[in-house]
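Participant: Fold the following and give me the result.
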Amino acid sequence: MFHFRGKASKASASVFVVLFVLGLLVGCLGTYYLNTRQISNLDKQVTDLQNQVATLSGNSDQIITINQNGTSSVEIYANVSDSVVLIQGNTTTGDVQASGFVYNYTGTMVILTNYHVVRYTTSLSVTFSNGNGYAATVLGTDPYADLAVLSVEAPTEELKPLRIVSSSNLKVGQEVIAIGNPYGLVGSLTTGVISALGRSEQAYFTSNFSLANMIQTSTPINPGNSGGPLLNAAGDVIGITNSAVSNSQGVCFAVPSNTILREISALVTEGTYNGHSYMGIHVLDMNYERAQEQNLNVTYGVWIPSEPEQDLIEPNGPSNGKLQEGDVIIALNSTRIRNNDDLASYLEEKTLPNDLLVVTVVRSNSTVDTEVTLGTRPTPNM
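Facilitator: Here you go, the predicted structure:
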């Protein structure tokens, strides 16, 4: 009995091994079959996509424009164009034609545009996209920011305000849209990108001061665009277009929305803005060549040169007795200052008159901190 049972046990074990091996083979074959089908399906999907792309590529009339939030330029224009207006005026030397847009300041509907648009005007009118025109008057101006606020005698249904959002998070390369009236071509849309931030722009109406912390954009800006909105991909205002560099290829500028939001209350209620701080110095950008010429160990910052016949530190200005000719300013309140753009942008965005500013300078190749109490910019020669 014992011998017979041993044979049966061995036979059972053999059968189990055979079944186990067969199971493995079936499993492998099944897995191979499923994987093969999946690969085949993927190949088919790739082929279908390639055919679709080829079809789209071959259709030159089909244009797909998708902005950051999925809103197309077509939709943005449809939503915004009725808020953009044509501004016309008269001066002693001729006529003015530019752009503006409607904004709701705490329940008061106003028109925003550039200061240089309304400068010296004796009469103003605002015309909406439907052709209806109304008389307008200036509520407030700030030449140092190239901003103006108008009131308009228009019925409520004409006034469709745009939303202004912060410009703090703008990025170079971000797509933007401008809508305005270049050369009298009412309601024209142009597109581009933000080319740079924190630029300084020289203006003929601000004496020796520059427009600070400006947006540089490749969006075409032409005569008549001035005062129109610069929009992000959601159709919100991030700036006001104001100028282009003459004979340039897409070097244009806009006032950032943070400047508008900071000043709008004073412009509407007081008619002016006096929050531009002032150091009372005249500077040049430091660079490698100047550092070598002056035997300095720093190649960035802004330099107060020594000019025997000029006061590059205003005698009665905030920096008199605090800074010296030959100083290179490399930081303000521990923020690195690379050039005059950085200096002007920091003062415009981060400070107010009477603020105490810690100025870090390189003086005789030693780093020194000094404190300057900021003043207020003098009234420009308008």
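
Participant: can we go C-alpha only for contacts and neighbour counts from here?
Facilitator: Will do.

Participant: ok, A196 touching G250?
Facilitator: No - using C-alpha atoms under 8 Å, A196 is not in contact with G250; the gap is 12.0 Å.

Participant: Isn't Y103 up against S151?
Facilitator: No - Y103 is beyond contact range of S151, at 10.5 Å (criterion: C-alpha under 8 Å).

Participant: Name the residues contacting each of the two.
Facilitator: Counting by C-alpha atoms under 8 Å, 6 or more residues apart in numbering, the common neighbours of Y103 and S151 are 109-111.

Participant: Walk me through which strands the top strand by length along the chain pairs with, and which way each runs.
Facilitator: Longest strand in the chain, counting residues (DSSP state E): strand 188-202. Applying DSSP bridges to the sheet, strand 188-202 is found paired with strand 175-180 (antiparallel), strand 210-217 (antiparallel).

Participant: I would like the residues contacting the first one, please.
Facilitator: Right, strand 175-180. So strand 175-180 is contacted by 67, 81, 84-86, 98-100, 186-194, 219, 224-233, 241 (C-alpha under 8 Å, 6+ apart).

Participant: next one: the last one
Facilitator: Strand 210-217 is touched from outside by 144-146, 192-203, 239, 250-256, 341, 344-346, 348-349, with contacts defined as C-alpha under 8 Å, 6+ apart.

Participant: Let's see that with 7 Å instead.
Facilitator: With C-alpha atoms under 7 Å, 6 or more residues apart in numbering as the test, strand 210-217 has contacts from 144-145, 192-203, 251-256, 344-345, 348.

Participant: after that strand comes which helix or strand?
Facilitator: Going down the chain from strand 210-217, the next helix or strand is strand 229-231, by DSSP states H and E.

Participant: Just name whatever secondary elements that next one is in contact with.
Facilitator: Packing contacts for strand 229-231, counted by 3 or more C-alpha pairs under 7 Å, 6 or more residues apart in numbering; DSSP states H and E, involve strand 175-180, strand 237-244.

Participant: can you put those in a markdown table and add mean pLDDT?
Facilitator: Formatted as a markdown table, those follow (pLDDT from 0 to 100):
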| stretch | mean pLDDT |
| --- | --- |
| strand 175-180 | 97 |
| strand 237-244 | 95 |
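
Participant: so S99 bridges to which residues?
Facilitator: If you apply DSSP bridges, the partners that S99 bridges to are L86.

Participant: Quick check: it touching N181?
Facilitator: Yes - using C-alpha atoms under 7 Å, S99 is in contact with N181, at 6.0 Å.

Participant: Now do the helices in the chain.
Facilitator: Ranges of helices in the chain, per DSSP state H, are 2-58, 73-80, 115-118, 257-269, 288-293, 340-350.
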